[in-house]
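> structure for the following, please:
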Amino acid sequence: MSVTTASTGSEPTAPSAVVPGPVLAVLAHPDDETLLAGGLLALAAARGARVVVVTATRGERGEMIGAPQLEGTDAVAPTRSQEIAAALTALGVREHVFLDGLAAHVSDPAAPVRWTDSGMAWIRPGVAGPAPTRPPRPSAPATSSPRPPRWRGSCGTCAPPS
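Numbers count the residues shown, from 1 in each chain. Next up is the predicted model:
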């Protein structure tokens, strides 16, 4: 594995020579820190970097592998909060905040914002997609293609409360 700076075209640098600076990981819901960035977070923490993880939601509407009886109940958020705390401890990450915790610092604390998971569903084996509970209604599509989009909406992994 090597690290290359595309903008400068510099030569690859061996990971052992990389001295990490602060790392900020912003992820949608609990378990993303482990599944999507666990190796990076653990390596940076082990090398002494300050590692901060911000999680947008508590996975309130997500799948509960190993505890399907909790799905759709008020027990999901506290359970997922405990899971992410344990996972981050195992990764060596000491700083974590949920997005609604950050909102109190940047907006009116008298009106805290609570983000919730938009949910996911298995579209076909091995392919996850948005749950059909609340279809998004964008005001305008955004695409990098010059052709008109073939879809009539967009989806995200978190949305403000309605």
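
> going by C-alpha atoms from here, please, whenever you check contacts or count neighbours.
Noted.

> for this protein, which segments count as strands?
Using DSSP state E, the strands of the chain run over 23-27, 51-55, 95-98, 116-117, 120-124, 127-130, 158-159.

> and these, which one's lowest on average pLDDT?
Lowest mean pLDDT within these: strand 158-159, at a mean of 40.

> now do the contacts for the nearest residue to Ala42 once chain neighbours are set aside.
Spatial nearest neighbour of Ala42, chain neighbours left out: Leu91 (4.7 Å); criterion: C-alpha to C-alpha, 6 or more residues apart in numbering. Shown in contact with Leu91 (C-alpha atoms under 8 Å, 6 or more residues apart in numbering): Gly38, Leu41, Ala42, Ala45.

> if we go to 10 Å?
Applying C-alpha atoms under 10 Å, 6 or more residues apart in numbering, we find Leu91 in contact with Glu33, Thr34, Gly38, Gly39, Leu40, Leu41, Ala42, Leu43, Ala44, Ala45, Ala46, Ala85.

> hey, where'd the helices end up in this protein?
Taking DSSP state H as the criterion, the chain carries its helices at 32-35, 38-46, 76-91, 99-106.

> pretty sure Val52 is in contact with Ala25, am I right?
Yes. Val52 is within contact range of Ala25, at 6.3 Å (criterion: C-alpha atoms under 10 Å).

> looking at those two, which is more packed in?
Val52 (18 against 15; other C-alpha atoms under 10 Å).

> low-confidence bits of this structure, can you list those?
1-20, 102-122, 128-162 (pLDDT under 70).

> before we move on, back to that, the residue nearest to Ala42 and Ala75, how far apart?
According to C-alpha to C-alpha, to the nearest Å, Leu91 and Ala75 sit 25 Å apart.
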